[in-house]
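Chemist: A predicted structure for the sequence below; I have some questions about it.
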Amino acid sequence: MRLGRTKFVIFLLCFSLACIVPQLLAGKKDKPVSNQSDQKRALHALNRLTFGPRPGDLQRVMATGVDQWIDSQLHPEKINDSALEPRLEPFRTLRMSTKELAEDFPGGQELNLVMKGKKSMPSDPALRMVYQVQIARYEDRKEREEASKNARPAAPEQAPGSTTAPSAASDGANAADSSAMNTAMNPSAAGDTPGNAKSATDLDAMSPATPAKLTPEEEQQARLREEKLYTDLEVQQLPNLPPDERFKKIVAMPLTAQLSFADSLRGGKGQEFLEGMNPKQKETLLAVNNSPGVIAGELTQAKLLRAIYSERQLEEVMADFWFNHFNVFADKGIDRLLLSGYEREVIRPHALGKFEDLLVATAKSPAMLFYLDNWLSVGPNSAQALGIPQHPYGPYGRRYPPPMPRPNQGKPRSGLNENYGRELLELHTLSGNGGYSQRDVTEVAKVFTGWTIDKPFEGGGFKFDPRMHEPGPKFVLGRRIKPKGEGEGLEVLHRLATSPQTAHFISLKLAERFVSDDPPPALVDRMAKIFLKKKGDIREVLAALFHSPEFWDDGAYRAKVKTPLEFLASAVRATGAEVDDAQPLAGQLNKMGMPLYGAQPPTGYSMKAETWVSSSALLNRMNFALALTGGKIKGVKVDAAQLAGSTPPNPPPDSAVALATLETSLLAGDVSKQTHDSITAQIDAAATNGAQANKAGARKPVSTPRATDVNTIAGLLLGSPEFQRR
């Protein structure tokens, strides 16, 4: 019952527009829940506290008891999560310090230091290869840019409007480079390979009687061509070598061959070279092309694997929630190096702790300081801004009075930056309606001057620099902040963390994540009171939320539309898929518009349905669901036939039985009549098309049932309105 491509695409689009979009936007279900059964209660808890139930989870929660299971999730330290560790073990960058990351995965800053002689080239041959290849590419790019600039200006004697053709020498050089590359990658195309006769002109040119005098540039080009030709046979033999020997050969190659080899790995190509290598070897070879990409790739894969496989599901949900609340963009400068430590040392340890501890940790995090530019913020009247030289006995000295200000002396780094002050008030604590003014933003920015990073490009941590700090008292939210250096910032953070406006704002966001896009005000108010009473204890606030009548209300059941991350993780979990490589899953998230760690604005990603519900967005989800169940996503294995109740060597059940079984295994049987009828109609249409094809003289009769139908049915259920909601 294979569908024609055009009809299949039309069906999917119609299915999305006519079925999914209206139901998701309306948030209605054909079978409303009243007096929730134990099964629906357990399913609701799984859908809200986890990234979705796995096969068998529903039965385990019901056997344990929903309340007891919720309590265990609130105390993740008591949950054994050791099975996850082998999946994360290959990702070395997760455990490396920022300094180690900067050294092993150099970016522009590190490479510049080496090029300028301010930092020595690494002694380790493998790491030296990473530096040399990237520096060679940078220098080549600069040379080409300079050559292009020099070729642009017209000669003085040319008439206006005339153009200058590229020089023959330039064309010859480019042709020689191209020829040398083609020869190295394809030696059979070379004119001087064994067995090919040389022309008389070539022989004359090589005759000792007429020696050719080469310029230094020509000699260098000839040497490069020889090196490429010399190593070409070795490159061809690499896949046949044992992994360790293969890696050593690559490291020992001349630079020109390493450049060619690195090019062969670009765009995900040449992955056969990496098979069997240990994590460090793989990272090294990938780093020659994209050092930042190695760090970001491992961080992204780890996040997906934790969401899919961790037993501490609520902790993973809250880690995602808080990272989004205190968002940092991965592609801003050195945040590529800082993000692993930010999630490891700031977000995760405080995900279920005290809000004030989390707030202080984010404020002092180099990742946040760099992302919102506070590390450059200098008080207008600070010693640094006024150019006052640093005294050996302190900022102003202990033996002498402060010198008179001398404007314009020294080289101030920057002026006052209000980015962090504004986001701290608007996004991190009080909310946009928190009752503060622009003056408060400016005063808070002054409070946090001097909160900077020690040696930011060398992996340093938080540092308070008194020379950058704005002197004198500040006035924040109607209260006077006495001058006390770093203590001013801690005082402001404490006041914000214990503010009723902050308690309400954080409670509202938690209720939006776990209850609905428009949670009941009474619930938010009760949560805010507990927030203040328990001094911002996140665990206590969540416990009150999970035991509230509003959380268990019929209207809250499947009322939240999943974000792309929640949808993808829940689909993989529901199918019991085995993920050997999470990188393709990260690519699917990019297609759905939610690249992990890729939210550029400090607002992070929205949790509300209106952001994610559209025909094109849901069609992307449907395509993913069908690709997942059809085994089309590399590195992910799904056995849809097993989910449908088939075990080898037994054939899959017929379509009607398969649909009923999959509805139970993927959605606990909670499927609307509209969804069931839509999928049934599609099955019948496919069967009719198959019968017509047989009558028309098809070579092979279309048998019913077929395993591909099971894959399609499972994919359609994952793309259904019921599965799109949690």
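Modeler: That came in fine, so what should we check first? This is a predicted model, so every value here is computed, not measured.
Chemist: CA atoms for contacts and neighbours, from now on please.
Modeler: OK.
Chemist: wait, what's in contact with the spatially most central residue of the chain?
Modeler: Nearest to the geometric centre of the chain sits residue 596, at 2.9 Å (Cα atoms, centre = their mean). Applying Cα atoms under 8 Å, 6 or more residues apart in numbering to residue 596 gives the contacts 300, 586, 589-590.
Chemist: contacting residues for residue 129?
Modeler: 251, 255, 258, 288.
Chemist: who wins for most neighbours among those?
Modeler: residue 288 (27 neighbours; other Cα atoms under 10 Å).
Chemist: Now do the same contact list for that residue.
Modeler: Applying Cα under 8 Å, 6+ apart to residue 288 gives the contacts 129-131, 133-134, 262.
Chemist: Looks like residue 315 contacts residue 351 (just checking).
Modeler: Yes - at 6.7 Å, residue 315 counts as touching residue 351 under the criterion of Cα atoms under 8 Å.
Chemist: And these two? Which one has more around it.
Modeler: Neighbours per residue, other Cα under 10 Å: of residue 315 and residue 351, the larger number sits with residue 315, 25 against 22.
Chemist: secondary structure class for the more buried one?
Modeler: helix (DSSP: H, G, I helix; E, B strand; the rest coil).
Chemist: can you pull the pLDDT of it?
Modeler: pLDDT for residue 315: 98.
Chemist: Now do the contacts for it.
Modeler: So residue 315 contacts 73-74, 76, 348, 351-352 (Cα under 8 Å, 6+ apart).
Chemist: redo that, cut-off 10 Å
Modeler: Shown in contact with residue 315 (Cα atoms under 10 Å, 6 or more residues apart in numbering): 49-50, 73-77, 306-307, 321, 348-352.
Chemist: Now a ChimeraX select for only the buried ones of the residues you listed.
Modeler: Isolation of the buried members of the contacts of residue 315 (16 or more other Cα atoms under 10 Å) is achieved in ChimeraX through the command below:
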select :49,50,73,74,76,306,307,321,348,350,351,352
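Chemist: I'd like the list of the contacts of residue 315 that fall within helices, please.
Modeler: Among the contacts of residue 315, the members found in helices (DSSP state H) are 49, 73-74, 306-307, 321.
Chemist: Could you measure from the closest residue to residue 106 other than its chain neighbours over to residue 241?
Modeler: Leaving out its chain neighbours, the residue that sits closest to residue 106 by Cα to Cα, 6 or more residues apart in numbering is residue 291, at 6.2 Å. As judged by Cα to Cα, to the nearest Å, residue 291 and residue 241 stand 26 Å apart.
Chemist: Look at these two and report which has more neighbours.
Modeler: residue 291 (23 against 12).
Chemist: Could you give the average pLDDT over the helix or strand encompassing that one?
Modeler: Counting by DSSP states H and E, the element that carries residue 291 is helix 279-309. In this model, helix 279-309 has a mean pLDDT of 94.
Chemist: Likewise for stretch 541-552?
Modeler: 98.
Chemist: Endpoints of it, how far apart?
Modeler: This stretch, stretch 541-552, spans 16 Å end to end (Cα to Cα).
Chemist: just how off-centre is that stretch within its chain?
Modeler: Relative to its chain's centre, stretch 541-552 lies at 31 Å (Cα atoms, centre = their mean, to the nearest Å).
Chemist: What of stretch 662-680?
Modeler: Chain-centre distance of stretch 662-680: 33 Å, with Cα atoms, centre = their mean.
Chemist: Surely residue 475 forms part of a strand?
Modeler: Yes - assessed with three-state DSSP, residue 475 lies in a strand.
Chemist: any idea of the pLDDT on it?
Modeler: The model reports residue 475 with a pLDDT of 97.
Chemist: That one contacts residue 447, correct?
Modeler: Yes - applying Cα atoms under 10 Å, one finds residue 475 in contact with residue 447, separated by 9.4 Å.
Chemist: Would you mind listing the residues touching both of the two?
Modeler: With Cα under 10 Å, 6+ apart, residue 475 and residue 447 have common neighbours residue 481.
Chemist: For these two, indicate the residue with more neighbours.
Modeler: With neighbours defined as other Cα under 10 Å, residue 475 and residue 447 compare such that residue 447 has more, 31 against 16.
Chemist: ok, now how distant is the more buried one from residue 487?
Modeler: Counting by Cα to Cα, the gap from residue 447 to residue 487 is 9 Å.
Chemist: Identify the contacts common to the two.
Modeler: Contacts common to residue 447 and residue 487, judged by Cα under 10 Å, 6+ apart, are residue 481.
Chemist: could you give me the average pLDDT of the helix or strand hosting residue 148?
Modeler: For residue 148, the host element (DSSP H and E) is helix 125-151. Average pLDDT, helix 125-151: 88.
Chemist: who's in contact with residue 287?
Modeler: 104-106, 127, 129-131, 133-134, 262, 281, 293-295.
Chemist: Show me the shaky parts of the protein.
Modeler: Regions of the chain meeting the criterion pLDDT under 70 cover residues 1-36, 152-213, 219-236, 268-269, 391-414, 686-708.
Chemist: helix, strand or coil for the residue nearest to the centre of the chain?
Modeler: At residue 596 the chain is in coil, as set by three-state DSSP.
Chemist: phi, psi of it?
Modeler: phi -60, psi 140 (degrees, to the nearest 10).
Chemist: List the buried residues in the helix holding residue 291.
Modeler: Applying 16+ other Cα under 10 Å to helix 279-309 flags 281-309 as buried.
Chemist: Over to stretch 71-90?
Modeler: 73-74, 76, 87-88, 90.
Chemist: Count the neighbours of residue 141 for me.
Modeler: 12.
Chemist: element containing residue 543?
Modeler: If you go by DSSP H and E, residue 543 is part of helix 538-546.
Chemist: actually residue 60, sorry about that
Modeler: Assessed by DSSP H and E, residue 60 sits inside helix 57-64.
Chemist: what does that helix rub up against?
Modeler: By Cα under 10 Å, 6+ apart, helix 57-64 touches 38-46, 53, 65-70, 574, 668.
Chemist: Just the helices from the stretch 401-550 of the chain, written as ranges.
Modeler: 419-423, 438-447, 486-497, 500-514, 521-533, 538-546 (DSSP state H, counting those that start in this stretch).
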